[in-house]
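Enquirer: Need a 3D model of the following:
(3 chains)
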Amino acid sequence: MDSALVIFEGANLTRLLGGLLVSLRIAFLAVLFSLVGGVLFGILMNSKNTVVKVLCRVFLESVRIIPQLVWLFIFYFEMTKVFHIHIDAEVASIIVFSLWGTAEMGDLVRGAISSLPQHQRESGFALGLTKIQLYHYVILPQAVRRLLPPAINLVTRMIKTTSLVVLIGVIEVLKIGQQVIEISIFSAPNAAFWVYGFIFFLYFIVCWPVSLMAKWLENYWASKGV
Amino acid sequence: MVSDKVLLEVKHLQKSFGDKTIFKDLSLTVRQGEVIVLVGPSGCGKSTFLRCLNGLEDYEHGEVFLDGKAIPGEQKSWYQVRQKIGMVFQSYDLFPHMTVLDNILLGPLKVQKRTKEEVLQQAQNLLERVGLWDRRNDYPSQLSGGQKQRIAIVRALCMNPEIMLFDEVTASLDPEMVREVLDVMLELAKAGMTMIIVTHEMNFAKAVADRVIFLDDGGIVEENTAEQFFTTPKTERAKKFLDIFNFKE
Amino acid sequence: MKNFVKTLAFLMMAIFSVFVLSGCGGSKQANSPEDIKKTGKIKIAVFSDKIPFGYVDKNGNNRGYDVYFARRIAKDLLGDEKKVEFVLVEAAARTEVLEADKVDLVLANFTVTKERAERVDFCLPYMKCMLGVVSKNGTIKNVSQLKGKKLIVNKGTTAEIYFTKNHPEIELLKYDQNTEAFQALKDGRGVALAHDNTEVFAWANRNAGYKCGIESLGSLDAIAPAVKKGNKSLQQWINDEIVNLAKEKFFHKAFDAELKQDFGAVAPDSVVVEGGKI
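Expert: Here you go, the predicted model:
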C-alpha cells in the first residue's frame, strides 16, 4: 500500500496531471480537426469524380498502412532533415493525429452517407435544396447518428494512442508515470502497479464521460425514432 | 376547371440508360388545372418521365417549358424550377430526423426564404385539411404509412408549386391506407391543382383524370379522356393492359 | 456540387503544396560553439527514465550522471549551468534528434558502435560499460571459479554472447526478463549472475548479502557524447572539455554525486572514464 503514496510524493501528482493535460490537449485538438476534416473528406470520398476518388483512396490507405509512429517521425524529424522546417513536437503530434483522424473519420462519414437511402437525397432535391443545403439539413444530420458509435470508438482510440508521442519527445502522462516509477525503484518496489493503476484511472475518467455522452445521445435519438 | 393556358410543355424528350432506350421523342402538353394520369406496364418509363420533369434524371434530347420558358438542362437552373414543381415519391420521403412541422418548413424557410409566421400559418391550414395538425410535433417513425404520405403531400404543397408530380405514392402502402391518401389527391384535383400522376389504382385514375396517357415501349401509345380510355380504349395494347386489371373468371 | 468538390480538392492540394514548398529554402548548418554562444542556450538530449544516468526526480528536476555533465558543459561554454535546455529522448530517437537538428548534443548513455558512428559523430568517451558478475557475498571473484557451475544470464545480452564464445565450459542458465534472472539468483538456481556491470552494481547495492565479485570483465563498450555528423567544431570543443576536466577528476565527482548512492561500494574506475582515455 505504501507504494501508492509515491503518486503524492513531491510534485509527482501535479506532474502526472500536467502530463494528462498534454495528452488531452493533443487528443482534443486532433479530434476537433478530425471531425471537421473527416466530414469534408467523407463528402469528397463520395464524389463521382474518379480522380478525386483515387486521390482520397491513396490518402486514406497511406495514412492507414504507415504506422502513426512513422508519421510522427516524418513530421518531426524528416520534415527538418529534408525541408528544414522545424515543427514543434506537440504541433507535429497534433498534425499527425489530425491526419489519421481525418482519414478514419472520413471513411466512417463516407460509409454513413452512402448507407442513406437514395430517396432521401431525391426528396431533398425535389424541395429545391441545393447540394450544400441538402448535406447541411438532410444528409449530415442523419449520417451523424449512424456514425456516432464508430466515431466514439475512434475518439477513445485516439486519446489512448497519444502515448506514442513520447517517441518524438513530448512528455505526456504515461511517460511521467514511467519516470515516477523509475525513481521509486528502491523506496517503493510496487510503485509500477499503483502508478499504472492511477494512469488507468485518469484515462478512464476522461474516456468515460465521452462514452456516457454517446450513450445518452443514442438513447435520445432512439426516443425520436431516428 | 382546365384553362387554356399551357403550363408545362414537353417536346421530343429522349432518355436512355446506357444502351437501353427508355423513351424516344416523347411530347406532352399540360394545361393549367389539368390532371393527367400516366399508366402503363412496369418499366415503361412513367417514373423516369416524371423524374426528368424536375431534373432528377438527365435526358439526352428534347426540351421542357414551364410557363412558356424553356428550362435549360444544367443542374443549377433546376434549383429554381423545382420550387415550382412539387413531387411526392413512393416511399422514404420524409426526413426521419425532423418533426412533421420541420419537414414541412424546411423548403419554404431555407429555399424560398419566407417568413416563419406566414409559412406556419399555411402549414397549419394544410395540415388541418389532411387532419394531421395534432401530429405536427411527431417524428415520421411515429406515423403510419398513409399519414406519412399525406404529410409528404403537404410538404410539397407548402412550397406553393404550380404543378404536382405524384410517383406511385400509394404503391407501398397497406391497402387500408391507400384511400386516405387518394382522397387528399382527389380534393387537390377539385381545388384546381395541375397534376401529373403515375398510378396503378385504375378506379382512382378514372375518378381523378382529365386525360389518361398510356405509355408503352418508349412512347405514348394512347391519349384519351378518362371516360373513354377505361370504357372504350382506342388501341389493342391499351385494351390488353386494362384486361390485367379486370379480374374475370 | 461538382464545383464544390473541385474547390475542396483544390484547397487541400493548395494547403499541402504551400506546406511543402515553404520548407524548400536554404539549408541549415549544425550549431557551432560560437552559434550556441550567440543563442545563449545549448540543447542537450538526455534520458528521463534511466536512473542513475538520466532521470527526472520527484520534483520534476533532471538528474543523473549524464545530466551532471550536461550542466557542466553549459557552465563552461555559456557561463551558467542553467543555460541548458534538456530535450528528453527515447533510446530509439537518439540519432534522429541530431540529424534533425532538434538538439546540439546527445548525452544519453549512448554506446559507441560502428553503425551509429556512420550517422553521428561521437566525442571522447566519459564512461564505459563492461560485464559484471554478482554472487552471494561476492564469493565468485574470477571466471575460473565458475567452471562446472551454473551462471545466470539474460538472453540476447552481451553477457550471453561473451560466455558462450569465450567460456563454453561454464553452464549458462538463460532468462528473458531481468526480474526473472535476478529472482533465479536469489532462489539459488545458479551461483552467480552476469550482466552489464552498471545493472549488477545497482542490483547488488539494493540486495543485502550480494556483491559484485567481478566488477569488469569482457569486451568494453565506450559511452560518449554525440554531435551531428560533420559538426567538427562542437565535437572538438567537447573533446577539449573532456580532456580539461580530467585535471580536476570531474567524472569521479560526477560518480560520487550521482552514481555512488545507486552502485554502492564499487570502484569508480570500473565505470568512469577520465580524459577520454579508456
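Enquirer: Looking only at the lengthiest helix in chain B, what residues are buried by neighbour count?
Expert: The helix of greatest length in chain B, counted in residues with DSSP state H as the criterion, is given as helix B:175-190. For helix B:175-190, a neighbour-count test (16 or more other CB atoms under 10 Å in any protein chain shown) marks B:177-178, B:180-182, B:184-185, B:188-189 as buried. In this view, the C-beta of every residue, glycine as well, is placed from N, C-alpha and C.
Enquirer: Including pLDDT, could these go into a markdown table?
Expert: Output for those, formatted as a markdown table (pLDDT from 0 to 100):
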| residue | pLDDT |
| --- | --- |
| B:177 | 89 |
| B:178 | 91 |
| B:180 | 91 |
| B:181 | 92 |
| B:182 | 92 |
| B:184 | 93 |
| B:185 | 93 |
| B:188 | 92 |
| B:189 | 92 |
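Enquirer: Return the closest of those with respect to residue C:196.
Expert: Ranking those by separation from residue C:196, with CB to CB as the measure, puts residue B:177 on top at 83.1 Å.
Enquirer: gap between the closest one and residue B:206?
Expert: With distances taken as CB to CB, to the nearest Å, residue B:177 is found 20 Å from residue B:206.
Enquirer: again, but for residue A:171
Expert: As defined by CB to CB, residue A:171 lies at a distance of 82 Å from residue B:206.
Enquirer: Can you name the residues of the stretch 101-250 of chain C that neighbour chain A?
Expert: By CB under 8 Å from any CB of the partner chain, the part of the stretch 101-250 of chain C that sits against chain A consists of C:101-102, C:206.
Enquirer: can you do 10 Å?
Expert: Counting by CB under 10 Å from any CB of the partner chain, the residues of the stretch 101-250 of chain C lying close to chain A are C:101-103, C:202, C:205-206.
Enquirer: Give me the contact status of the longest helix of chain B with chain A.
Expert: No - using CB under 10 Å from any CB, no contact is recorded between helix B:175-190 and chain A, whose separation bottoms out at 16.0 Å.
Enquirer: Could you list every helix and strand in contact with that helix?
Expert: When contacts are defined as 3 or more CB pairs under 10 Å, 6 or more residues apart in numbering or on different chains; DSSP states H and E, helix B:175-190 packs onto strand B:35-39, helix B:116-129, helix B:145-157, strand B:163-167, strand B:194-198, helix B:202-208.
Enquirer: mind putting these in CSV, mean pLDDT, mean neighbour count and distance to residue A:213 included?
Expert: Formatted as CSV, the entries for those read as follows, by pLDDT from 0 to 100; neighbours: other CB atoms under 10 Å in any protein chain shown; distance: least, CB to CB, whole Å:
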stretch, mean pLDDT, mean neighbour count, distance to residue A:213
strand B:35-39, 93, 26, 50
helix B:116-129, 94, 15, 31
helix B:145-157, 94, 24, 31
strand B:163-167, 94, 24, 41
strand B:194-198, 95, 24, 46
helix B:202-208, 89, 17, 50
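Enquirer: Can you redo those as TSV, where the extra columns are distance to residue B:173?
Expert: Converted to TSV, the helices and strands packed on helix B:175-190 look like this (distance: least, CB to CB, whole Å):
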stretch	distance to residue B:173
strand B:35-39	18
helix B:116-129	19
helix B:145-157	5
strand B:163-167	13
strand B:194-198	15
helix B:202-208	12
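Enquirer: what's the helix or strand for residue A:119?
Expert: helix A:118-126 (DSSP states H and E).
Enquirer: Can you point out the buried residues in the helix or strand that that helix is followed by?
Expert: Using DSSP H and E, the helix or strand that follows helix A:118-126 in sequence is helix A:131-133. Residues of helix A:131-133 classed as buried by neighbour count (16+ other CB under 10 Å): A:131, A:133.
Enquirer: now swap in stretch A:25-35 and tell me
Expert: A:25-27, A:29-31, A:33-35.
Enquirer: how about the nearest residue to residue B:171 once chain neighbours are set aside, secondary structure?
Expert: The shortest distance from residue B:171 to any residue that is not its chain neighbour, by CB to CB, 6 or more residues apart in numbering or on different chains, is 5.1 Å, and that residue is residue B:90. Look at residue B:90: counting by DSSP: H, G, I helix; E, B strand; the rest coil, its state is coil.
Enquirer: one step back: can you tell me which of the buried residues of helix B:175-190 is nearest residue A:56?
Expert: Distance to residue A:56, by CB to CB, is smallest for residue B:181 among these, at 42.4 Å.
Enquirer: For the residue lying closest to that closest one once chain neighbours are set aside, give its distance to residue A:126.
Expert: In this structure, residue B:181 finds its nearest non-sequential neighbour in residue B:149, 4.7 Å apart by CB to CB, 6+ apart. The spacing between residue B:149 and residue A:126, counted by CB to CB, is 14 Å.
Enquirer: And residue B:78, by the same measure?
Expert: Distance, residue B:78 to residue A:126, by CB to CB: 10 Å.
Enquirer: Residue C:44 now?
Expert: Noted for residue C:44: a distance of 68 Å to residue A:126, by CB to CB.
Enquirer: Look at the two and report which has more neighbours.
Expert: residue A:126 (29 against 26; other CB atoms under 10 Å in any protein chain shown).
Enquirer: Quick check, that one in contact with residue B:106.
Expert: No - the pair formed by residue A:126 and residue B:106 falls short of the contact definition of CB atoms under 10 Å, at 11.6 Å.
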